[in-house]
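> please work out how this folds:
(4 chains)
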Number of protein chains: 2
Amino acid sequence: MAEDLRDKLGAQHLPLRDQVLAALRTAIINGDYPPGERLTEDRLAEDFGVSRNPVREALRVAEAEGFVVILPRRGAVVASPSSGTIADMFAVRERLEALAARLAAERATAADVAALRALLEQGREATEQQDLRRVAELNTALHLRILRISGNPWLSSIAKALYLHVQWVFRLGAAERAPHSWSEHIQLVDAIESGDGERAEQAALSHLDAASAAAYENAEGGYGAH
Amino acid sequence: MAEDLRDKLGAQHLPLRDQVLAALRTAIINGDYPPGERLTEDRLAEDFGVSRNPVREALRVAEAEGFVVILPRRGAVVASPSSGTIADMFAVRERLEALAARLAAERATAADVAALRALLEQGREATEQQDLRRVAELNTALHLRILRISGNPWLSSIAKALYLHVQWVFRLGAAERAPHSWSEHIQLVDAIESGDGERAEQAALSHLDAASAAAYENAEGGYGAH
DNA sequence: AAATTGTTCTTCGTATACACTTCGGCTGGA
DNA sequence: TCCAGCCGAAGTGTATACGAAGAACAATTT
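Residues are numbered from 1 along each chain as shown, chains lettered A, B, ... in the order given. Below is the predicted model of the structure:
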């Protein structure tokens, strides 16, 4: 939100709490801490080699972000995304990323488009090489890039958080459908390049519809158990 | 997200950090801590009569919510919403509350509608009595209620956060336009009651357009300061 | 005047202590 | 056997103290 300031003055210090938070997030997303897993402060402190304070602060933020649930006097457990909330997440993402696509189309510079095209190209290569992990990464990079191009920090940060959660759910339960979605990405970038906001928005919508449908196909059962 | 659990087992303990966070939020929204104000941990700890630990945890969450900016090694300051981000906030709210209105229309029970109507009625009374503060409260209550009725927890919590920020900006810079917006609310609730999602969505959109226009009229100058 | 140094304030992280809850197991009685 | 209730262990919630390091600012020196 005020990254300019943070960059200028601030520091490259990266407080421990932030490192812990980042590590915690990725550990949860990767399934190292599976849903329902109890996260005691001492245990996390030991896992990350820090004292309880940074852990506690990271936990509060992780709670605000929806990665953990904190029961007063009972501690934190990894949240359990239910299939219900998956649909909810997609419903919100649909609106948000559609808006992002429109704004991106209206604001994208030539350099922005070039960057998107580069990601597209890398994605094509990775797809050919069956490197699913890399495909997924590029997938994420593309979406986040579009969000950034939209130029709306709120939109960007909110949609990013949602995107992370969706990723989390995917890793847990199902295979990645990434290859299949790549042609939709091309359409989306084409629309953004054209500068036609309406068209870009439609492209984003149909992309998300397809993604959400795929998610549901793969998601039958699997999440409810914590 | 798992409020059922929290209610059942949990506690009515309300940890200090949560109380501090709530107090901090409202203090910032009310302008008691104006934008740019420096918030040292000791000072907050003293203000709220607690030790530094709960304050620190509350600060981290407040940062995640965008109410404060934390400069590493330099401490926290109250964030400064710029007029640029106001437009951004409205752009996102528009999409989100439109979706909420649609979902609410599709899911609202008779009891839900009754609750909305009650708020509407109270709002009318408060408007007649020129009780602007109460009008604003009811305004908020109405919007939050609609979000709740939507039944989408993500949507609800995200839009709620945005709503709080908008309120904050309003309190700081400008008078409330609440009375003027009340007729739009009636339209919105009518649409929700009708069960017509499309119509409800349109009502929400035009309401937010009007609100955003009003915001911009009042917002000329005032926020840019540091 | 510019650069350097020193002082002070504050954050950041650690460590410790302790009250209070919750939980699981144990014991004893029906 | 089954259940009630007690007890102790574990873990959170909060307070406090302390040391290290950074930032801001004033004082001093060049």
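
> so which helix or strand takes in the residue most central in space within chain A?
Centroid-nearest residue in chain A, with C-alpha atoms, centre = their mean: residue A:164, separated by 2.3 Å. Here residue A:164 sits within helix A:153-173, counting by DSSP states H and E.

> report the distance from that helix to the chain centre.
3 Å (C-alpha atoms, centre = their mean, to the nearest Å).

> for residue B:14, see how far away the residue of chain A positioned farthest from its centre is.
Taking C-alpha atoms, centre = their mean, the residue of chain A most remote from its mean C-alpha position is residue A:73, at 30.4 Å. To residue B:14, residue A:73 is 11 Å away according to C-beta to C-beta, to the nearest Å. In short, each C-beta sits where N, CA and C put it, glycine included.

> need the strands for chain A, in chain order.
A:38-39, A:68-71, A:75-78 (DSSP state E).

> and those as JSON lines, adding mean neighbour count and mean pLDDT?
Shown next, in JSON lines, are these (neighbours: other C-beta atoms under 10 Å in any protein chain shown; pLDDT from 0 to 100):
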{"stretch": "strand A:38-39", "mean neighbour count": "16", "mean pLDDT": "96"}
{"stretch": "strand A:68-71", "mean neighbour count": "20", "mean pLDDT": "96"}
{"stretch": "strand A:75-78", "mean neighbour count": "20", "mean pLDDT": "96"}
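
> among those strands, which is nearest chain B?
Distance to chain B, taken as C-beta to the nearest C-beta, is lowest for strand A:68-71 among those, at 5.1 Å.

> is that closest one anywhere near DNA strand D?
Yes. Strand A:68-71 lies within reach of DNA strand D by C-beta under 7 Å from any atom of the strand, at residue A:70.

> chain center to that strand: distance?
That offset, for strand A:68-71, works out to 20 Å (C-alpha atoms, centre = their mean).

> that one: partners in the sheet, and parallel or antiparallel?
Paired with strand A:68-71 in the same sheet, following DSSP bridges, are strand A:75-78 (antiparallel).

> just the CA coordinates of the partner strand, formatted as PDB?
Extracted in PDB, the C-alpha atoms of strand A:75-78 (Å, rounded to 0.1, in the frame of the first residue of the first chain):
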ATOM      1  CA  GLY A  75      -4.300 -22.700  20.300                       C
ATOM      2  CA  ALA A  76      -4.100 -22.700  16.600                       C
ATOM      3  CA  VAL A  77      -4.900 -25.400  14.100                       C
ATOM      4  CA  VAL A  78      -4.400 -25.300  10.300                       C
END
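
> so how far is that strand from its chain's centroid?
With C-alpha atoms, centre = their mean as the basis, strand A:75-78 stands 21 Å off its chain's centre.

> what's it in contact with?
By C-beta atoms under 8 Å, 6 or more residues apart in numbering or on different chains, the residues outside strand A:75-78 that reach it are A:28, A:33-41, A:59, A:62-63, A:67-71, A:226.

> swap in 10 Å and give it another go.
Residues outside strand A:75-78 that contact it (C-beta atoms under 10 Å, 6 or more residues apart in numbering or on different chains): A:24, A:27-28, A:31-41, A:43-44, A:55-56, A:59-60, A:62-63, A:67-71, A:168, A:226, B:2, B:5.

> ok, the residue lying closest to residue A:206 once chain neighbours are set aside - how many residues close by?
The shortest distance from residue A:206 to any residue other than its chain neighbours is 7.0 Å, reached at residue A:184 (C-beta to C-beta, 6 or more residues apart in numbering or on different chains). Per other C-beta atoms under 10 Å in any protein chain shown, the neighbour tally for residue A:184 reads 17.

> how much space between residue A:184 and chain B?
Residue A:184 sits 21 Å away from chain B, taking C-beta to the nearest C-beta, to the nearest Å as the criterion.

> hmm, that residue is touching residue A:202, no?
No. In this structure residue A:184 lies outside contact range of residue A:202 using C-beta atoms under 10 Å: 11.5 Å.

> find residues that contact each of those two.
Common contacts of residue A:184 and residue A:202 (C-beta under 10 Å, 6+ apart): none found.

> got a list of what the closest residue to residue A:107 other than its chain neighbours touches?
Nearest residue to residue A:107, sequence neighbours excluded (C-beta to C-beta, 6+ apart): residue A:151, at 5.3 Å. Contacts for residue A:151 (C-beta under 10 Å, 6+ apart) come out as A:100, A:103, A:104, A:106, A:107, A:108, A:112, B:84, B:88.

> is there a quick PyMOL command that grabs whichever of those residues are buried?
Filtering the contacts of residue A:151 down to the buried ones (16 or more other C-beta atoms under 10 Å in any protein chain shown) takes a single PyMOL command:
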select buried, (chain A and resi 100+103+104+108+112) or (chain B and resi 88)
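
> what is the nearest of the contacts of residue A:151 to residue B:197?
residue A:100 (22.9 Å; C-beta to C-beta).

> enumerate every residue touching residue A:91.
When contacts are taken as C-beta under 10 Å, 6+ apart, residue A:91 is in contact with A:208, A:212, B:99, B:102, B:103, B:150, B:152, B:154, B:155.

> Serialize those to TSV and add fields for pLDDT and distance to residue B:78.
Below are those laid out as TSV (pLDDT from 0 to 100; distance: C-beta to C-beta, whole Å):
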residue	pLDDT	distance to residue B:78
A:208	92	36
A:212	85	39
B:99	98	31
B:102	98	35
B:103	98	34
B:150	97	31
B:152	95	31
B:154	93	27
B:155	96	27
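
> wait, which of the residues you listed is closest to residue A:123?
Distance to residue A:123, by C-beta to C-beta, is smallest for residue A:208 among those, at 17.4 Å.

> hang on, isn't the closest one packed against residue A:162?
No. If you go by C-beta under 10 Å, residue A:208 and residue A:162 don't touch, sitting 11.1 Å apart.

> what do those two both touch?
Counting by C-beta under 10 Å, 6+ apart, the common neighbours of residue A:208 and residue A:162 are A:90, A:93, A:96, A:97.

> now intersect these with the helices, please.
If you go by DSSP state H, the shared contacts of residue A:208 and residue A:162 have A:90, A:93, A:96, A:97 in helices.

> how about the nearest residue to the second one, chain neighbours excluded?
Nearest residue to residue A:93, sequence neighbours excluded (C-beta to C-beta, 6+ apart): residue A:162, at 5.1 Å.

> that neighbour: how many residues sit nearby?
Counted with other C-beta under 10 Å, the neighbours of residue A:162 add up to 20.

> looking at it now. What's its pLDDT?
pLDDT recorded at residue A:162 is 92.

> nearest spatial neighbour of residue A:42, chain-adjacent residues omitted?
Counting by C-beta to C-beta, 6+ apart, residue A:42 lies nearest to residue A:52, which is 6.9 Å off, once chain neighbours are set aside.

> in contact with residue A:181, which residues?
Residue A:181 touches A:123, A:135, A:139, A:188, A:207, A:208, A:210, A:211, A:214, counting by C-beta under 10 Å, 6+ apart.
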